[in-house]
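Asks: Sequence below, structure please.
(chains A and B)
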2 protein chains.
Amino acid sequence: MSEKGRIEKPVLAVDIGGTKIMTALFTSGGKMMAREVTPTLAGESAPTVIERLCRAIDSILEHNNLVMARVAGIGVACAGGIDSTNGVVVTPSPNIKNLVNVPLADILREKYGVGVFIVNDASAAALGEYRYGAGRGVKDLVLFTLGTGIGGGIIADGRLYLGARGGAGELGHMTVDVNGPACGCGNTGCLEMLASGRAVERDVISRLKKGEKSILLNMVNGEIEDITAEQVGAAARNGDPLALEVLARAAYYLGIGMVNVVNIFNPEMVVCGGGMAELGDLLIGPGRRMVNERAFSISSQAVRIVTAQLGNEAGVYGAAAFARERMTRGTV
Amino acid sequence: MSEKGRIEKPVLAVDIGGTKIMTALFTSGGKMMAREVTPTLAGESAPTVIERLCRAIDSILEHNNLVMARVAGIGVACAGGIDSTNGVVVTPSPNIKNLVNVPLADILREKYGVGVFIVNDASAAALGEYRYGAGRGVKDLVLFTLGTGIGGGIIADGRLYLGARGGAGELGHMTVDVNGPACGCGNTGCLEMLASGRAVERDVISRLKKGEKSILLNMVNGEIEDITAEQVGAAARNGDPLALEVLARAAYYLGIGMVNVVNIFNPEMVVCGGGMAELGDLLIGPGRRMVNERAFSISSQAVRIVTAQLGNEAGVYGAAAFARERMTRGTV
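Replies: Model prediction:
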């Protein structure tokens, strides 16, 4: 089969998250043809998760009258530290612990007989936003994924930067407060401990337990431990002082992280994706101001700080682009 | 003139530092043919500094029986925030304030009639170490320049990464202690405020003023304010407890910065250059341990943390490589 023929086939993309697996089919032009979502059952053993993954792949093929022989290859975005060279998850994501050290690319390649290319989900999101979202036409871009945790992805000189083994971009695990709380990653005072959804939940719960008042108490019928960052966001939009204060604190720390990233990368764009980014200026506004006030002028003048455009589809867009670029150029 | 002919000519490289200007000539193969050093007189006005710069350039040409028509081009490494696209110093270095907003590349290009390519000195050092020093054969490399201040340079996927305008790599100005001291750059708790030569001097002086004892008092005949980081290093090598404690503190903060860089870049190598790096394991050893303990395993396992090999010539090596690569490829 000719190289050209192979490239014109669709790419199958998968995004394996802590709660759901998203599969999608993309045309050679990068247009999404179909999309499906299924629960990950991430607590199960690796064989069970992989079985679900394969069923999700088989399902989207079947529903679109495709067989794998007519697909160019598979791109997989996955949480955790991904060795993209060998296609192995090497560092556990808190939400998908059992896939660690599983040769995921080899397993899928053997089963389906096509090229399989695995990349960290935040790096995939950066590539997705760069090719199809907020970052089109931008050569130097840094993306924060602001969710339960904080991840990152880097586009440097128009190419996805993965580092020596695929582990680059762990922006949530830079120390911004050397005297801050210990992080589950082994480091201290990580941005993720101070500005993530989990940090927001922890701070709100801690303050409510000390007797502070908030409409959040009504929203969860007093079940303080059940409060989610999403609910904190809703309370803040309703003017709840406690929710606003906690989010302002998270936004301040995120601003510190943004200043660091702007001084280190001199990017044209900082893109904020993930569930928390839906809070918009409430979360990102302070960072914009801090970058103007604190970063080097050469870099603060060059950067736009924006929210992502592809929502929770950034991962599959990026996984598809990653597979496509690895297949055509041998590198991204 | 043929492209080939032009490339075989030597390149003239200049490194403009706060105290001295180094000029050097390099063969097309990157071999240093000659080198000269002259004081910068950085406190003088821009025309005076530029006149000295031109005299230094004329001098090395004359001493090597060359005229500019037989030189391929000029590479200039300079402290401060450099707009490499336009060849202008846009952010002042504390030591060379008067060159800001001077169209340095245009001035030299007009005077000498050859291509002039300006790059930040730490970025130049990274490129120099990558092409000719500690980082040969390494694709992903991050360099810290540990001197009076702290700078940085980034090699990503085998190319010098400069960001949107040439400002990338300000590793000394990432916040590692959100509650730390204000930095002259406008940011807070910067690595430079905690791990640089200036920070070491500040800490030693402050502790001696409080009455602590140290052999440093004898070394400077009681003139506490005159103490230099170099002397603190010498005292530490002699086992002076105060000097050892202050350097251990700086090394700890540098370690925090290294963990951040390793988590963000997943580099194959972290290179430490600048005068402070001559302290060797005293300064870098703790960082090595901290990276092993705190960084993501995918990244800590991939990285070697080493001292630079080109000493104070890294800047001219890098400036020459920068000019050569811009001339041949149009980009570095």
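
Asks: isn't A:Lys213 right up against A:Leu242?
Replies: Yes. Between A:Lys213 and A:Leu242 there is a contact under C-beta atoms under 8 Å: 7.1 Å. No exception for glycine: its C-beta is placed from N, CA and C like everyone else's.

Asks: quick one, which of these two is more surrounded?
Replies: A:Leu242 (20 against 11; other C-beta atoms under 10 Å in any protein chain shown).

Asks: so that one is in which element?
Replies: helix A:241-265 (DSSP states H and E).

Asks: other SSEs contacting that helix?
Replies: strand A:141-146, strand A:150-156, helix A:192-195, helix A:197-209, helix A:229-237, strand A:269-273, helix A:281-294, helix A:297-300 (3 or more C-beta pairs under 8 Å, 6 or more residues apart in numbering or on different chains; DSSP states H and E).

Asks: Show me what counts as buried in that helix.
Replies: For helix A:241-265, a neighbour-count test (16 or more other C-beta atoms under 10 Å in any protein chain shown) marks A:242-247, A:249-251, A:253-265 as buried.

Asks: Next, the contact list for the closest residue to chain B within the stretch 1-150 of chain A, please.
Replies: Closest to chain B within the stretch 1-150 of chain A is A:Gly81: 4.2 Å, counting by C-beta to the nearest C-beta. Taking C-beta atoms under 8 Å, 6 or more residues apart in numbering or on different chains, we find A:Gly81 in contact with A:Val89, A:Val90, A:Thr91, A:Pro92, A:Asn120, A:Gly166, A:Gly167, A:Glu170, B:Phe296, B:Ser297, B:Ile298, B:Ser299.

Asks: residues near the nearest residue to it once chain neighbours are set aside, how many?
Replies: Distances taken as C-beta to C-beta, 6 or more residues apart in numbering or on different chains place A:Thr91 nearest to A:Gly81, at 2.7 Å, with adjacent residues excluded. A:Thr91 is flanked by 19 other residues according to other C-beta under 10 Å.

Asks: I'd assumed B:Gln301 was in contact with A:Thr91.
Replies: No. When contacts are counted by C-beta under 8 Å, A:Thr91 is not listed as touching B:Gln301 (10.5 Å).

Asks: Distance of A:Gly17 relative to A:Gly163?
Replies: Distance check for A:Gly17 against A:Gly163: by C-beta to C-beta, to the nearest Å, it reads 22 Å.

Asks: out of those two, which sits in the more crowded spot?
Replies: Under the neighbour definition other C-beta under 10 Å, A:Gly17 and A:Gly163 were set side by side, and A:Gly163 has more, 28 against 21.

Asks: For the more buried one, give me the pLDDT.
Replies: pLDDT recorded at A:Gly163 is 97.

Asks: Report the secondary structure state of A:Val306.
Replies: A:Val306 carries the three-state label strand when classified by DSSP: H, G, I helix; E, B strand; the rest coil.

Asks: which one is it nearest to, not counting chain neighbours?
Replies: A:Ala134 (5.2 Å).

Asks: Same check on A:Leu247?
Replies: That would be A:Ala236: by C-beta to C-beta, 6+ apart, it lies 5.1 Å from A:Leu247.

Asks: who are the neighbours in contact with the one you found?
Replies: Contacts of A:Ala236 (C-beta under 8 Å, 6+ apart): A:Ala243, A:Leu244, A:Leu247, A:Leu279, A:Leu282.

Asks: Now do the SS call for the closest residue to chain B within the stretch 101-250 of chain A.
Replies: Nearest residue of the stretch 101-250 of chain A to chain B (C-beta to the nearest C-beta) works out as A:Gly163 at 2.6 Å. With three-state DSSP as the basis, A:Gly163 sits in coil.

Asks: got a list of what the nearest residue to it once chain neighbours are set aside touches?
Replies: Closest residue to A:Gly163 apart from its sequence neighbours, by C-beta to C-beta, 6+ apart: B:Asn266 at 2.6 Å. The contact partners of B:Asn266, by C-beta under 8 Å, 6+ apart, come to A:162-169, B:140, B:296, B:298-299, B:302-303.

Asks: From these, pick the one nearest B:Val114.
Replies: B:Asp140 (32.2 Å; C-beta to C-beta).

Asks: Tell me, how many residues neighbour the closest one?
Replies: 25.

Asks: Show me where the stretch 51-200 of chain A has its strands.
Replies: With DSSP state E, counting those that start in this stretch, the ranges of strands along the stretch 51-200 of chain A come out as A:73-78, A:81-83, A:88-91, A:115-120, A:141-146, A:150-156, A:159-161.

Asks: Please work out which of the helices and strands packed on helix A:241-265 is packed deepest.
Replies: Per-stretch averages of neighbours, counted by mean count of other C-beta atoms under 10 Å in any protein chain shown, single out strand A:141-146 among those, with a mean of 31.

Asks: so the residue of the stretch 101-250 of chain A closest to chain B makes contact with B:Asp140?
Replies: Yes. Taking contacts as C-beta under 8 Å, A:Gly163 lies within contact range of B:Asp140: 5.4 Å.

Asks: residues shared between the contacts of the two?
Replies: With C-beta under 8 Å, 6+ apart, A:Gly163 and B:Asp140 have common neighbours B:Phe265, B:Asn266, B:Pro267.

Asks: With pLDDT added, can I get these in CSV?
Replies: Converted to CSV, those look like this (pLDDT from 0 to 100):
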residue, pLDDT
B:Phe265, 98
B:Asn266, 97
B:Pro267, 98
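
Asks: of these, closest to chain A?
Replies: B:Asn266 (2.6 Å).

Asks: Give me the helix or strand of chain A that scores worst on average pLDDT.
Replies: The helix or strand with the lowest mean pLDDT-type score in chain A, counting by mean pLDDT, DSSP states H and E, is helix A:3-8 (a mean of 54).
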